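J.: Just the structure for this:
(one chain, ligands or ions: 2)
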Amino acid sequence: MDMVKEEGYNFGFDPRACENCSGYCCTGESGNIWVNKEEIKKIAGFLDLSSEDLVKYYLTKIHYKYSLKELKISGDFQCVFFDDKNKNCSIYEVRPNQCRTFPFWDYFKNNIEKIAKECPGIKICCIL
Ligand code: SF4
Ligand code: SF4
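T.: Ligands and ions are numbered 1, 2, ... in the order given. Below is the predicted model:
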C-alpha cells in the first residue's frame, strides 16, 4: 500500500513499515484504547465469547467507558491483544477504531516529534 495522507496532518504514514516493526503502537507506554458497544460485540464475536466475558477478562472500566486491558511485561506495557510471539495484533480484523485511525490522531497534529519517534512508518517529509 502506498503512503497514506490525511488532510490537516503534517506527516504521512507508510503502512509497509508495519511489516518490520515490533508493534511500537501497541506496546511501551501505558495508555487507553477505548472500545464502544459495537466494537465490544464485534471483538467478542471474533473470539467466540459473550460480550459479558469479553468485558470481564479483557476490558477495564474507567468511569463510564471501557478500555482494553494492558499487561505489564519487563517494565513495559502492552495491549492485552498484542501477540508477543508474532509481534502483531491478534484481533486485527476487528481492532477498535482508535487502532484503525492510528497514527492520524488529533493529539499528534501538534506532537509530530512524539509520533515520529514512536512509529517508523511516519514520514515528516510528506507535508500536505
Ligand atoms: S508503530 Fe507504526 S510501523 Fe509500527 S506497527 Fe504501529 S503503525 Fe506500524
Ligand atoms: S487492539 Fe490490536 S492494534 Fe489495537 S492496541 Fe491492541 S494489539 Fe494493538
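J.: Near ligand 2, which residues of this structure? Just list them.
T.: Contact residues, the chain versus ligand 2 (C-beta under 6 Å from any ligand atom): 26, 33, 68, 79, 81-82, 89, 91, 95, 99. Any C-beta I mention is one placed from the backbone N, CA and C, and that applies to glycine too.
J.: got a list of what the residue most central in space within the chain touches?
T.: By C-alpha atoms, centre = their mean, the chain has its centre lying nearest to residue 99, at 3.5 Å. Shown in contact with residue 99 (C-beta atoms under 8 Å, 6 or more residues apart in numbering): 25-26, 33, 89.
J.: Now render the residues of the chain next to ligand 2 as JSON lines, adding secondary structure, pLDDT and distance to ligand 1.
T.: Shown next, in JSON lines, are the residues of the chain next to ligand 2 (DSSP: H, G, I helix; E, B strand; the rest coil; pLDDT from 0 to 100; distance: C-beta to the nearest ligand atom, whole Å):
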{"residue": "26", "secondary structure": "helix", "pLDDT": "97", "distance to ligand 1": "7"}
{"residue": "33", "secondary structure": "coil", "pLDDT": "98", "distance to ligand 1": "13"}
{"residue": "68", "secondary structure": "strand", "pLDDT": "98", "distance to ligand 1": "15"}
{"residue": "79", "secondary structure": "strand", "pLDDT": "98", "distance to ligand 1": "11"}
{"residue": "81", "secondary structure": "coil", "pLDDT": "98", "distance to ligand 1": "13"}
{"residue": "82", "secondary structure": "strand", "pLDDT": "97", "distance to ligand 1": "10"}
{"residue": "89", "secondary structure": "strand", "pLDDT": "97", "distance to ligand 1": "9"}
{"residue": "91", "secondary structure": "coil", "pLDDT": "98", "distance to ligand 1": "14"}
{"residue": "95", "secondary structure": "coil", "pLDDT": "98", "distance to ligand 1": "11"}
{"residue": "99", "secondary structure": "helix", "pLDDT": "98", "distance to ligand 1": "9"}
